[in-house]
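Engineer: show me how the following folds:
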Amino acid sequence: MNPILPDTCFVPDVEARVMPDGRLYLYGSWDHSHSDYYCSREAHCFSTDDMIHFVDHGVIFRNDEEFQGMPWNPQSWLYAPDAIHKDGKYYYYVCGERNDEGVAVADSPTGPFSPAEPIEGANGDSIDPTVFVDDDGQAYYFWGQFTLRGGKLMDDMKTLIPDTVKDGILTEWEHGFHEGASIRKREDKYYMVYTDVSRGNATCISYAISDNPLGPYKKGGVIVDNIYCDPSSWNNHGSIAEFKGQWYVFYHRSSQNRKTCRRVCVEPIYFDENGYIQEVEMTSSGAEPALNLIEGIPARAACRMMGACHITLQGDREILVSKKGGHWRTRDWAEYKYLDFGDGENRTFALTVKGRGRIEVKLEDDTTLCKLSFDHVEAAEVTAPIPPVSGRHALWLLLEGDFEVHGFRIQ
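Structural biologist: This next block holds a predicted model:
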């Protein structure tokens, strides 16, 4: 289910890496809930062996009074990281708010990592590192905003070989490149994934393809666009990874009606016979084919929203908040893709809400399942019968009023 991590974990800018132990690890920034600032001075790590259940490995790197992860620039905030394994060591690449670029080393994918050392040739220049080790053992390092730079690394994994460094590998004017590069290899092609502004805001994760890690790259297209994930959403940033034979795109969505408070999500992706990636839609189900509506759906699983509604954190649980919207005027709605309705028996739709308002429940073909009116000072369940529905469907909640939605189910 998207978002894939617990409600209190705000991890954007995710690099997904399969490490030698066979597990998939998520390395990213760390946003604080209810904050208007991007990122923080700490970074966390999560891992999985099934794409459903994730282990929280806690804080693996920080740059504060407790641990100066960037000794040359203490207490600089930490932006999008990357990590990779090479020759028995794990290298954790970090960047900071003052264009710091550094690398820390550990014997484990979750640390403890050493204090970082500057990347010679990149430190102080820009943000958003990504690293790649090719089949021949040669390591490459990329970084940049608006224009992507890259070059080969020496064996120390922290020094760029000067005569290999190239600028303009991707550019904003040619590829829509904004920031957030991430490189992977599939078969004999190199895929550079990046934040793309071609559709206006930086909401797209797109890709370009090359026969060489350092280019030239040809833009392939958009992989996923997080437009409408939140009323105030601005950017997207992520990566692709193959895990147990399936490729996925990892990306983030904003929440709390802020550009920040970003949550990591995932969608399966597919390549055509020419190696191009098909654009995928945002879903609530993520790595799962559909979510079980009988077991219940948390309201925070909404994949798109419009109007005066957004997802926010209340205590340790996320909820959907509607603020005096009117769906016949402003088309306030929350979308859930995709839900499994089961075998099509006559059922009752049950919605847990707090506040006063009305909700109309619709399917993707504009069929109205039910309409619910409520006025509750405490969270309570309201119900209405629905006609027989079976199989996998998208569902919309059309919203009018001032209330909280905690979740819903059929029974």
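
Engineer: just checking, residue 153 touches residue 142?
Structural biologist: No. Applying CB atoms under 8 Å, one finds residue 153 not in contact with residue 142, separated by 10.4 Å. C-beta: built from backbone N, CA, C; applies to glycine.

Engineer: where do the contact lists of the two overlap?
Structural biologist: Common neighbours of residue 153 and residue 142, using CB atoms under 8 Å, 6 or more residues apart in numbering, are residue 131.

Engineer: confidence score at the nearest residue to residue 378 once chain neighbours are set aside?
Structural biologist: Closest residue to residue 378 apart from its sequence neighbours, by CB to CB, 6 or more residues apart in numbering: residue 354 at 6.2 Å. pLDDT, residue 354: 98.

Engineer: in what helix or strand does residue 354 lie?
Structural biologist: strand 347-363 (DSSP states H and E).

Engineer: residue 293: neighbour count?
Structural biologist: 21 (other CB atoms under 10 Å).

Engineer: for the nearest residue in space to it that is not next to it in sequence, give its distance to residue 395.
Structural biologist: Using CB to CB, 6+ apart and skipping the chain neighbours, the partner closest in space to residue 293 is residue 339 (4.6 Å). Going from residue 339 to residue 395 by CB to CB, to the nearest Å gives 5 Å.

Engineer: what mean pLDDT does the strand ranked longest in the chain get?
Structural biologist: Ordering each strand of the chain by length in residues (DSSP state E) puts strand 390-410 first. Averaged across strand 390-410, the pLDDT comes to 96.

Engineer: for stretch 377-385, same thing?
Structural biologist: Stretch 377-385 comes out with an average pLDDT of 97.

Engineer: got phi/psi on residue 300?
Structural biologist: phi -70, psi -10 (degrees, to the nearest 10).

Engineer: and it, how many neighbours?
Structural biologist: So residue 300, with other CB under 10 Å, has 23 neighbours.

Engineer: got phi/psi on the nearest residue to residue 14 once chain neighbours are set aside?
Structural biologist: Once flanking residues are discounted, residue 14 sits nearest to residue 28: 4.1 Å by CB to CB, 6+ apart. Main-chain dihedrals, residue 28, degrees, to the nearest 10: phi -160, psi -180.

Engineer: list the contacts for residue 28?
Structural biologist: Shown in contact with residue 28 (CB under 8 Å, 6+ apart): 11-15, 43-44, 80-81, 252, 264.

Engineer: most neighbours out of those, which is it?
Structural biologist: residue 13 leads those on contacts (other CB under 10 Å) with 32 neighbours.

Engineer: show the subsequent helix or strand relative to the helix or strand of the chain with the lowest mean pLDDT.
Structural biologist: Every helix and strand of the chain was ranked by mean pLDDT, DSSP states H and E. The lowest is helix 327-330, at a mean of 56. Going down the chain from helix 327-330, the next helix or strand is strand 333-343, by DSSP H and E.

Engineer: between that next one and strand 390-410, how big is the angle?
Structural biologist: 110 degrees (axes from the mean of the first three to the mean of the last three CA atoms, to 10 degrees).

Engineer: can you list contacts of strand 333-343?
Structural biologist: With CB under 8 Å, 6+ apart as the test, strand 333-343 has contacts from 281-285, 289-294, 297, 299, 301-307, 309, 320, 327, 347, 389-399, 405, 410.

Engineer: CA atoms only: put it into PDB for me.
Structural biologist: Taking C-alpha atoms only, strand 333-343 is exported to PDB below (Å, rounded to 0.1, in the frame of the first residue of the first chain):
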ATOM      1  CA  TRP A 333     -12.400  14.600  -4.300                       C
ATOM      2  CA  ALA A 334     -10.000  12.000  -3.100                       C
ATOM      3  CA  GLU A 335      -9.100   9.100  -5.400                       C
ATOM      4  CA  TYR A 336      -8.200   5.500  -4.500                       C
ATOM      5  CA  LYS A 337      -6.700   3.100  -7.100                       C
ATOM      6  CA  TYR A 338      -7.100   0.200  -7.000                       C
ATOM      7  CA  LEU A 339      -9.500  -1.600  -4.600                       C
ATOM      8  CA  ASP A 340     -10.700  -5.300  -4.600                       C
ATOM      9  CA  PHE A 341     -14.400  -5.500  -4.100                       C
ATOM     10  CA  GLY A 342     -14.500  -9.200  -3.800                       C
ATOM     11  CA  ASP A 343     -17.200 -11.500  -5.300                       C
END
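
Engineer: rewinding a little: quick one: buried ones out of the contacts of strand 333-343?
Structural biologist: Buried by 16 or more other CB atoms under 10 Å: 282-285, 290-293, 297, 299, 301-307, 309, 320, 327, 347, 389, 393-399, 405, 410, out of these.

Engineer: about what we covered before: partner strands of the longest strand of the chain, with direction?
Structural biologist: Paired with strand 390-410 in the same sheet, following DSSP bridges, are strand 297-298 (antiparallel), strand 317-326 (antiparallel), strand 333-343 (antiparallel), strand 347-363 (antiparallel).

Engineer: chain center to that strand, what's the gap?
Structural biologist: 23 Å (CA atoms, centre = their mean, to the nearest Å).

Engineer: and for stretch 134-144?
Structural biologist: With CA atoms, centre = their mean, you get 24 Å for stretch 134-144.

Engineer: now swap in stretch 230-242 and tell me
Structural biologist: Put simply, stretch 230-242 sits 5 Å off its chain's centre (CA atoms, centre = their mean).

Engineer: all numbers from here: first residue = 6
Structural biologist: In the new count, where the first residue is 6, that last one comes out as stretch 235-247.

Engineer: all strands of the stretch 6-155 of the chain, in order?
Structural biologist: Counting by DSSP state E, counting those that start in this stretch, the stretch 6-155 of the chain has strands at residues 20-23, 29-32, 47-53, 59-67, 83-91, 94-101, 106-111, 122-123, 135-138, 144-148, 154-157.

Engineer: can you tell me which helices and strands the shortest one packs against?
Structural biologist: Okay, so that is strand 122-123. strand 106-111 (3 or more CB pairs under 8 Å, 6 or more residues apart in numbering; DSSP states H and E).
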